[in-house]
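1. Dropping a prediction and its sequence here:
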Amino acid sequence: MSALDKALTINELMAIAKRRVPKQFFDYADSGSWTEGTYRANSEDFSQIKLRQRVAVNMEGRTLATTICGEQASMPVALAPTGFTGMQSADGEIKAARAAEKFGVPFTLSTMSICSIEDVAENTGKPFWFQLYMMRDRGFIERLIDRAKAAKCSALVLTMDLQILGQRHKDLRNGMSAPPKFTPRFVFEMARKPQWAMQMLGTKRHTFRNIVGHVDAAGDLSKLSAWTASQFDPALSWKEIAWVKERFGGPVIVKGILDPEDARQAVAHGADGIIVSNHGGRQLDGAPSSIRVLPEIVDAVGNSTDVYVDGGIRSGQDVLKAMALGAKGTFIGRAFLWGLGAGGEAGVTRALEIIRRELDITMALCGERDIKAVGLHNIYSIDLPPRNSPLGANG
Ligand code: FNR
């Protein structure tokens with residue numbers, strides 16, 4: 001039995017990934033901004049929520065199936081957009097998209113992916129979702145949206161919480177880049193991680209293929225990082241949602257909402273769904289965990305749009321808690337990235353299997369047979385202090 005098959009938890013996949021993935025890329029995933037307080041809170045706060053056990057309820061014929069953004073999903077979990085995924089494992093975005101497709105859950109490709117939209121489309125059979133960062137170069141963004149349309153992407157995820165980059169100390173210290181710089185330290189890492197290195201040598205996909213070759217100013221690698229750094233548009237406003245929707249012509253989900261007022265704005269400006277998210281604790285350190293703010297955002301806009309959540313989900317129990325607090329579905333980032341680093345496509349499948357089994361058993365022990373019926377009645381207690389605002393409960 002391989003280490004992958006033996007892994008029973010997402011944390012075990014993380015331990016395997018740590019052995020197999022070069023430090024700078026493992027650290028890139030396992031990091032938050034500044035003190036990493038929000039990164040930690042995202043998962044720790046889930047453990048403050050206690051579930052209500054019920055017995056003598058017929059548990060036969062259980063179903064986890066649901067719809068996410070109007071599409072069938074085998075469980076209420078989607079793969080979140082993550083940059084540099086093709087550096088956790090060669091061709092990582094293709095591997096993750098294939099695992100998601102076979103499992104019947106949505107995959108979201110990041111703007112900052114290594115494999116391009118076209119790479120993923122050529123290597124998968126069903127439409128996937130594309131995540132968009134608004135950049136100053138609107139011509140590039142127009143072409144990017146058109147490319148997503150041409151690849152038949154069925155939804156756009158518009159990320160609004162990264163117009164300026166939160167500082168992650170590990171990345172600065174490691175000198176993270178794609179492709180990696182061949183420093184003596186990195187060559188040493190390659191020798192210690194031969195499987196990763198061999199697979200990486202076997203692919204041509206080593207840099208941001210959504211960008212390189214698609215903008216003159218980032219035509220070669222030396223110009224790429226300067227171009228990217230200057231491109232995240234600090235003047236982004238709510239008006240852009242309508243512009244993106246019109247250009248794309250399909251559903252646009254707004255990601256990075258952490259405040260009820262922002263949630264109302266997103267809905268008022270046409271969002272077809274929102275993702276409650278603090279970017280996995282990678283942006284505003286000191287912001288509350290996603291699960292903590294979920295109830296007040298569901299309260300504010302849950303009747304007018306679908307509310308999804310990500311951040312800190314490491315088990316099927318976490319998924320059930322999010323659903324009980326009103327989410328229509330969840331997104332996972334590191335949970336699938338660690339699976340990918342641990343074992344490529346099979347590792348992502350393993351991560352999804354772990355979450356599905358935990359979710360199914362938890363749902364049964366809570367006395368539920370249908371994930372869509374899960375709600376506040378499944379929660380026993382929430383040991384998280386309420387929002388403390390001098391402005392009142394909803395700011
Ligand atoms: C991210 N995230 C992210 N979000 C996005 O909209 N575009 C991106 O390119 C990235 N890149 C990225 C890289 C890495 C390594 C991580 C861990 C995260 C944020 C991501 O979509 C999601 O919000 C978080 O990952 C959710 O938290 P968990 O599940 O990782 O705890």
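-> Here it is on my side, so go on.

2. Report how many residues lie close to the residue in the chain that the ligand sits nearest to.
-> At 2.0 Å from the ligand, G333 is the closest residue in the chain, using CB to the nearest ligand atom. No exception for glycine: its C-beta is placed from N, CA and C like everyone else's. With neighbours defined by other CB atoms under 10 Å, the count for G333 comes to 23.

3. can you check the one 3 residues further on too?
-> If you count neighbours by other CB under 10 Å, F336 ends up with 32.

4. Now do the SS call for it.
-> Following DSSP: H, G, I helix; E, B strand; the rest coil, F336 is assigned to helix.

5. Could you find the closest non-adjacent residue to L4?
-> With sequence-adjacent residues excluded and distances taken as CB to CB, 6 or more residues apart in numbering, L4 is closest to G343, at 4.1 Å.

6. which SSE is the one you found in?
-> For G343, the host element (DSSP states H and E) is helix 334-365.

7. tell me what that helix is packed against?
-> In terms of contacts (3 or more CB pairs under 8 Å, 6 or more residues apart in numbering; DSSP states H and E), helix 334-365 is packed against helix 3-6, helix 10-20, helix 23-29, strand 77-79, helix 85-88, helix 92-103, helix 316-324.

8. As a markdown table, those with mean pLDDT, distance to the ligand and mean neighbour count would be great.
-> As requested, the helices and strands packed on helix 334-365 are arranged in a markdown table below (pLDDT from 0 to 100; distance: least, CB to the nearest ligand atom, whole Å; neighbours: other CB atoms under 10 Å):
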| stretch | mean pLDDT | distance to the ligand | mean neighbour count |
| --- | --- | --- | --- |
| helix 3-6 | 93 | 20 | 13 |
| helix 10-20 | 98 | 10 | 19 |
| helix 23-29 | 96 | 4 | 22 |
| strand 77-79 | 99 | 9 | 29 |
| helix 85-88 | 98 | 8 | 29 |
| helix 92-103 | 98 | 11 | 25 |
| helix 316-324 | 99 | 9 | 26 |
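
9. Just send those back as TSV, with distance to I114 too.
-> Below are the helices and strands packed on helix 334-365 laid out as TSV (distance: least, CB to CB, whole Å):
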stretch	distance to I114
helix 3-6	22
helix 10-20	17
helix 23-29	11
strand 77-79	15
helix 85-88	3
helix 92-103	6
helix 316-324	27
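
10. Output the set of residues of the protein in proximity to the ligand.
-> Within the chain, the residues that sit near the ligand (CB under 6 Å from any ligand atom) are 28-29, 42, 80-83, 110, 112, 131, 159, 255, 277, 279-280, 282, 310-313, 332-335.

11. Report pLDDT for A178.
-> The confidence metric pLDDT takes the value 78 at A178.

12. Thought E93 was touching L79, still the case?
-> No: counting by CB atoms under 8 Å, no contact exists between L79 and E93, whose distance comes to 9.7 Å.

13. Now the common contact residues for those two.
-> Residues within reach of L79 and of E93 at once, by CB atoms under 8 Å, 6 or more residues apart in numbering: there are none.

14. How about S381: which residues does it bridge to?
-> With DSSP bridges as the criterion, S381 is bridged to K50.

15. What separation do you get for it and I49?
-> Distance of S381 to I49, computed by CB to CB, to the nearest Å: 8 Å.

16. and if you look at F336?
-> 22 Å.

17. Next: K152.
-> Distance from K152 to I49, by CB to CB: 38 Å.

18. More neighbours: which of those two?
-> A count of neighbours by other CB under 10 Å puts I49 above the other of K152 and I49, at 21 against 11.

19. Does T305 touch V267 like I think?
-> Yes: the criterion here is CB under 8 Å, and T305 meets it with V267 at 5.0 Å.

20. shared neighbours of the two, anything?
-> Residues touching both T305 and V267 (CB under 8 Å, 6+ apart): I274.

21. helix or strand for Y308, which one?
-> Per DSSP H and E: strand 307-310 holds Y308.

22. Against which helices or strands is that strand packed?
-> Checking 3+ CB pairs under 8 Å, 6+ apart, strand 307-310 ends up next to strand 273-276, helix 290-301, strand 329-332.

23. just to revisit the earlier point, can you give me the angle the helix holding G343 makes with helix 92-103?
-> For helix 334-365 against helix 92-103, the angle by axes from the mean of the first three to the mean of the last three CA atoms, to 10 degrees is 20 degrees.

24. Pull the distance from helix 334-365 to the chain's centre.
-> Offset of helix 334-365 from its chain centre (CA atoms, centre = their mean, to the nearest Å): 14 Å.

25. What residues of that helix count as buried?
-> 334-352, 354-356, 358-360, 362-363, 365 (16 or more other CB atoms under 10 Å).

26. Phi first, then psi, for the nearest residue to G104 once chain neighbours are set aside.
-> In space, and not counting its chain neighbours, G104 is closest to S74: 3.5 Å by CB to CB, 6+ apart. Backbone torsions for S74, taken as degrees, to the nearest 10, come to phi -70, psi -20.

27. Let me see the contact set for S74.
-> With CB under 8 Å, 6+ apart, S74 has these contacts: L64, A65, F103, G104, V105, R356.

28. could you dump the residues you listed to CSV with distance to A121?
-> Listed next are these as CSV, based on distance: CB to CB, whole Å:
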residue, distance to A121
L64, 28
A65, 26
F103, 19
G104, 19
V105, 18
R356, 26
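
29. Which one of those residues is nearest to N11?
-> Proximity of the contacts of S74 to N11 (CB to CB) peaks at R356, which lies at 16.8 Å.

30. and the closest residue to that closest one other than its chain neighbours, how many neighbours?
-> Distances taken as CB to CB, 6+ apart place M75 nearest to R356, at 5.5 Å, with adjacent residues excluded. M75 sits with 23 neighbouring residues when counted by other CB under 10 Å.
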